[in-house]
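S.K.: Predicted model follows, preceded by the sequence.
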Amino acid sequence: MGSSKICRPPEIARAWHEVKGLHALSSCYNLQMAFREEIRQMFRLAWPLAVAEMGWMLMNFVDLAMIGRVGPSAMAAIALGNAVFITFGIIASGSLLSLDALVSQAYGAGRVEDCHRYLWSALAYCVPTSAILIAVFYFVGPVLGYAGYAPEVVVQVTAYLRALAWGIPFLMGYFGMRRYLQGLHLVGVIPFALISANLVNAAGNYIFIYGHYGFPALGARGSGLSTSIARVYIFAVLAVYIAWKSRVRAYHVEKFVRSLFDWQRIGEVIRLGAPAAAQIALEVGVFSGSTLIAGRLGAQAVASHQIALEMASFTFMVPLGISAATAVRVGHAIGRRDLPAATLSGWTGGALSLVWMTFTALCFWLIPRQLVAIFTNDPGITHLAVSLLIIAAIFQLFDGLQVVMIGALRGTANTRTAMLLNILGWWIVALPISILLCFTFRLGVVGIWIGLCIGDILIAVLLGFAWHHRMLRLTREGISDQIALAAEAAAQE
């Protein structure tokens with residue numbers, strides 16, 4: 001039989017285990033490489049969006065800082081006007097979040113023309129929505145007089161909101177174009193638009209608030225006017241950029257203008273976006289409610305609550321940008337039917353958010369007194385705000401995770417789950433616990449934040465399970481589709 005060696009069973013087993021080990025090492029290496037590449041792609045997409053979100057925060061900060069020199073009533077008018085604007089404007093624009101899924105999935109599937117159609121359909125949605133918002137902002141000011149606000153504040157907030165109203169169509173258009181560009185992975189222009197818009201806004205504030213270069217001093221109204229001009233500017237920047245990219249890439253976006261009247265696509269934008277808008281309303285509402293509860297505890301309590309909320313909101317802008325990037329990355333993968341890549345994108349976004357929020361939580365934990373000193377030197381407010389930042393340090397970790405999971409689910413065209421879990425976590429769990437701890441157990445504003453923290457943890461955990469379940473279901477459906485196609489091909493043979 002020759003000199004060839006006959007393998008005994010133990011040698012076969014040993015060889016088989018070596019092959020399995022090599023296969024496991026290869027799979028581990030491939031996963032590691034895929035994870036590194038996903039982090040790189042996610043970071044490229046996320047950092048411009050995070051900078052853009054911070055740009056919004058900076059614009060509000062500049063407005064308050066510059067109007068503060070006019071007087072306390074003007075500053076109160078700006079603060080109240082911004083609260084009204086967020087309540088109506090941001091929620092109305094929330095429906096445009098549907099473009100994260102619609103555009104990114106179409107782009108991932110290679111249907112670039114559908115991306116352009118969704119852009120026009122989104123702009124069609126903006127027209128009547130803007131008209132409604134203009135009417136609301138024009139008439140809501142005088143109504144505030146019946147809510148017990150000081151007459152001088154009502155006069156100024158009315159003028160401020162009416163000046164803001166005329167920038168609404170351009171702001172809505174900007175939101176639609178931004179989501180379209182994100183879906184196409186064209187995000188470099190977005191932070192440029194926001195950063196330069198801050199300069200436009202600051203210059204406008206200098207001219208119109210204080211009355212320079214021959215213009216009258218308009219106070220709060222001047223701030224609203226300069227903000228509207230800045231919004232016209234960011235709309236123009238993105239519109240010019242889209243027109244330029246359309247010519248360079250031969251997209252011919254203008255040829256799809258008929259989609260302004262594509263009622264089916266407009267319906268898709270609204271149907272998928274409405275739960276996302278409702279989710280924003282629920283989250284904004286619970287934090288507004290917590291501020292109202294804190295207001296019943298006195299000036300120190302509400303001031304410390306506002307400081308903690310401002311700090312948490314600022315650091316939240318980075319996970320918000322990561323969330324948008326995650327929605328796009330997941331949408332691209334879903335569009336090209338690559339479910340493992342979609343799963344990896346979702347968890348990678350969560351990991352990046354966790355890294356950032358761990359860093360900010362450590363800052364809240366280790367240097368809370370120095371952070372509070374940015375806002376106040378009052379000993380009573382400082383002591384209370386430091387206690388809240390310690391709780392916010394825990395809150396941070398789960399707040400970043402929950403917003404990224406919302407983005408991941410949105411990338412799969414699922415916006416309803418986040419809405420339902422927000423109802424459960426914020427309104428059924430967090431707010432009642434906050435009220436109970438605040439008043440029944442006499443923990444005051446600390447009890448409010450403990451309740452918010454419990455609700456946020458619950459939402460984050462449930463959204464993580466929802467994301468895992470969603471991808472398992474999509475994977476099963478994908479396998480079933482492959483089996484059906486294979487059976488159909490076999491039958492034809």
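M.R.: Done, it's in.
S.K.: Only C-alpha atoms from now on, for both contacts and neighbour counts.
M.R.: OK.
S.K.: Give me the distance between stretch 381-388 and the centre of its chain.
M.R.: Computed by Cα atoms, centre = their mean, to the nearest Å, the chain-centroid distance of stretch 381-388 equals 28 Å.
S.K.: What lies in contact with it?
M.R.: 300-301, 303-305, 307-308, 368-369, 372-373, 376, 446, 449 (Cα atoms under 8 Å, 6 or more residues apart in numbering).
S.K.: Quick one: buried ones out of the residues you listed?
M.R.: Among these, those buried by neighbour count (16 or more other Cα atoms under 10 Å) are 300-301, 303-305, 307-308, 368-369, 372, 446, 449.
S.K.: Just to be sure, which of those residues are found in strands?
M.R.: The strands, defined by DSSP state E, take in nothing from the buried ones among the contacts of stretch 381-388.
S.K.: And the furthest pair within those?
M.R.: Using Cα to Cα, those span at most 17.8 Å, a distance reached by Arg369 and Trp449.
S.K.: residue ranges for the strands of this structure, please.
M.R.: Under DSSP E, the chain gives no strands.
S.K.: got the domain boundaries for it?
M.R.: 38-261, 272-476 (automatic domain parsing).
S.K.: For those domains, which has the smallest mean pLDDT value?
M.R.: For the domains of the chain, mean pLDDT drops lowest on domain 38-261, to a mean of 89.
S.K.: residues near Met357, how many?
M.R.: 26 (other Cα atoms under 10 Å).
S.K.: can you pull the contacts of it?
M.R.: Going by Cα under 8 Å, 6+ apart, the list of residues near Met357 reads 315, 319, 396-397, 400.
S.K.: same thing but 7 Å
M.R.: 396-397, 400 (Cα atoms under 7 Å, 6 or more residues apart in numbering).
S.K.: now do Phe170
M.R.: Here Phe170 is in contact with 231-232, 235 (criterion: Cα under 7 Å, 6+ apart).
S.K.: For the contacts of Met357, which single residue is the most surrounded?
M.R.: Gly400 (30 neighbours).
S.K.: My understanding was that Ala418 contacts Val404; is that so?
M.R.: No: judged on Cα atoms under 7 Å, Ala418 makes no contact with Val404 at a distance of 10.9 Å.
S.K.: Those two: which has the busier surroundings?
M.R.: Set Ala418 next to Val404 and count neighbours by other Cα under 10 Å: Val404 wins out with 33 against 27.
S.K.: From what I see, the more buried one and Gly349 are in contact.
M.R.: Yes: judged on Cα under 7 Å, Val404 makes contact with Gly349 at a distance of 6.3 Å.
S.K.: Now for those two: what residues contact both?
M.R.: With Cα under 7 Å, 6+ apart as the test, Val404 and Gly349 both reach 322-323, 326.
S.K.: Which members of those residues occur in helices, if any?
M.R.: 322-323, 326 (DSSP state H).
S.K.: Please, a ChimeraX command that selects the buried ones among these?
M.R.: To isolate the buried ones among these in ChimeraX, judged by 16+ other Cα under 10 Å, type:
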select :322,323,326
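S.K.: ok, the ones in helices among the shared contacts of Val404 and Gly349 vs Ala460, which is closest?
M.R.: Checking those against Ala460 by Cα to Cα gives Ser323 as the nearest, at 13.2 Å.
S.K.: can you pull the contacts of the residue nearest to the closest one when sequence neighbours are not counted?
M.R.: Of all residues not flanking Ser323 in the chain, Val404 sits nearest, at 4.2 Å (Cα to Cα, 6 or more residues apart in numbering). Residues in contact with Val404 (Cα under 7 Å, 6+ apart) are 319, 322-323, 326, 349-350.
S.K.: Max pairwise distance over the residues you listed: which two?
M.R.: Pro319 and Thr326, at 9.9 Å, using Cα to Cα across the contacts of Val404.
S.K.: Identify the residue nearest the geometric centre of this protein.
M.R.: Residue closest to the average C-alpha location in the chain (Cα atoms, centre = their mean): Leu320, at 4.1 Å.
S.K.: out of the domains of the chain, nearest to Gln32?
M.R.: Gln32 lies closest to domain 38-261 among the domains of the chain, at 9.8 Å (Cα to Cα).
S.K.: And the residue nearest to the centre of the chain, how far from Ala408?
M.R.: The gap separating Leu320 from Ala408 is 12 Å, by Cα to Cα, to the nearest Å.
S.K.: circling back: got a markdown table for the domains of the chain, with distance to Leu31 too?
M.R.: Output for these, formatted as a markdown table (distance: least, Cα to Cα, whole Å):
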| stretch | distance to Leu31 |
| --- | --- |
| domain 38-261 | 10 |
| domain 272-476 | 9 |
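S.K.: tell me, how many neighbours does the nearest residue in space to Gln300 that is not next to it in sequence end up with?
M.R.: Leaving aside its chain neighbours, Gln300 sits nearest to Ile381 (5.3 Å; criterion: Cα to Cα, 6+ apart). Neighbour count for Ile381, taken as other Cα under 10 Å: 20.
S.K.: do Ala50 as well
M.R.: 22.
S.K.: isn't it right next to Thr315, touching?
M.R.: No: under the criterion of Cα under 7 Å, Ala50 makes no contact with Thr315, lying 9.9 Å away.
S.K.: ok, back up a step: mind listing what the residue nearest to the centre of the chain touches?
M.R.: By Cα under 7 Å, 6+ apart, the neighbours of Leu320 are 50, 403.
S.K.: Apply 8 Å and report the result again.
M.R.: 50, 53, 400, 403-404.
S.K.: Could you do Met57 as well?
M.R.: Phe314.
S.K.: rerun that using 10 Å as the cut-off
M.R.: Neighbouring residues of Met57 by Cα atoms under 10 Å, 6 or more residues apart in numbering: 51, 310, 313-314, 317.
S.K.: And Val84, by the same measure?
M.R.: Contact analysis of Val84 by Cα under 10 Å, 6+ apart lists 78, 90, 136-137, 140-141, 157, 161.
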